[in-house]
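Q: here is a sequence with its predicted model. Questions after.
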Amino acid sequence: MSYRIAEVAGLVGVPATTLRYYEDIGLVTQPARGGNGYRSYDDDDIARLRFITATKNLGIPLTDVADLVKAYDLDDCSSVAHQVVEMVAVRLVETQTRIGELVALAAQLQRVSARLAEAETSGPCGQGCPCAAAAPEPLADRRTFVPLTRAPGTAPDAPVIACSLDAGSVPDRVAEWQGLGARAVRREPIAGGVALEFVAAPELVAEVARLAAAEQDCCTFFDFTVRLTTGQIRLEVRAPDHAADVVAAMFGTAA
């Protein structure tokens, strides 16, 4: 079956200009043209373009997508899938790191906002003026309450999805969870969250317990359960439904 470019755009979910751009940069070969001069796409073209759109929507750069397209045309599906998994793993680490940086930035901005709100209502700016401090030091014994997600229509008494960890510690905490998660031998979906399983080792038991206790202290909406069996550590992480994205970002998702 043949399709015109407008039909392909609707089926693939991208504008026709994007399809032309893919041709211009060599991401796809130019389709055949009918007797009327219009581009003519077949079912294989549709499948290839859907693959390109899907991988691009994962945030994979077009240069890497181009490599995947070559593999798509030459290799078997399992080989292509393996390459996609590797690229997704890189994007996941980058995204989780960015989450930590954004939460830390949100904490700094909230501190700045609170300090500026306490500025004198009259008089000129000068030495010690809060306007001159773009990123002031945290006030003693005060932690910033950083919202992590919003849920329209959430009941007033629902747990608040927020973190009170000080801004400078957020990226390090995210990195700690990433390091721990990399050691998991299995992930399993559970009601309200995810379970991570590890090969038991005394130092790992201590690390899991330490991180879970530290995280629950600043993010009280999390519920952690650590189970020890012969040769195995099982960490169960649960949170309210409207915090599912936070759980996935911090602890990963089960396949």
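A: The structure has been received and is ready for your questions. Numbers count the residues shown, from 1 in each chain.

Q: tell me which element F198 is part of?
A: Secondary structure from DSSP states H and E places F198 in strand 193-199.

Q: could you identify the helix or strand that succeeds that strand?
A: Next element after strand 193-199 (DSSP H and E): helix 202-218.

Q: let's see that following helix as PDB, backbone CA atoms only.
A: What follows is helix 202-218, C-alpha atoms only, in PDB (Å, rounded to 0.1, in the frame of the first residue of the first chain):
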ATOM      1  CA  PRO A 202      27.100  -7.000  55.100                       C
ATOM      2  CA  GLU A 203      28.200  -3.600  53.800                       C
ATOM      3  CA  LEU A 204      25.300  -3.500  51.300                       C
ATOM      4  CA  VAL A 205      22.800  -4.200  54.000                       C
ATOM      5  CA  ALA A 206      24.100  -1.300  56.000                       C
ATOM      6  CA  GLU A 207      24.100   1.000  52.900                       C
ATOM      7  CA  VAL A 208      20.500   0.100  52.000                       C
ATOM      8  CA  ALA A 209      19.300   0.800  55.500                       C
ATOM      9  CA  ARG A 210      21.300   4.000  55.800                       C
ATOM     10  CA  LEU A 211      20.000   5.400  52.500                       C
ATOM     11  CA  ALA A 212      16.400   4.400  53.200                       C
ATOM     12  CA  ALA A 213      16.400   6.000  56.700                       C
ATOM     13  CA  ALA A 214      18.000   9.200  55.300                       C
ATOM     14  CA  GLU A 215      15.500   9.400  52.400                       C
ATOM     15  CA  GLN A 216      12.500   8.800  54.600                       C
ATOM     16  CA  ASP A 217      13.700  11.600  56.900                       C
ATOM     17  CA  CYS A 218      13.600  14.300  54.100                       C
END
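
Q: buried stuff in it?
A: Neighbour-count burial for helix 202-218 flags E207, V208, L211, A212, E215, C218 (criterion: 16 or more other Cβ atoms under 10 Å). Where C-beta positions appear, they are placed from N, C-alpha and C, glycine not excepted.

Q: give me the contacts around the strand holding F198.
A: 180-181, 183-189, 204, 208, 223, 231-239, 247-248, 251-254 (Cβ atoms under 8 Å, 6 or more residues apart in numbering).

Q: filter these down to the buried ones.
A: Buried members of the contacts of strand 193-199, scored by 16+ other Cβ under 10 Å, are 180-181, 184, 187, 208, 233-239, 247, 251-252.
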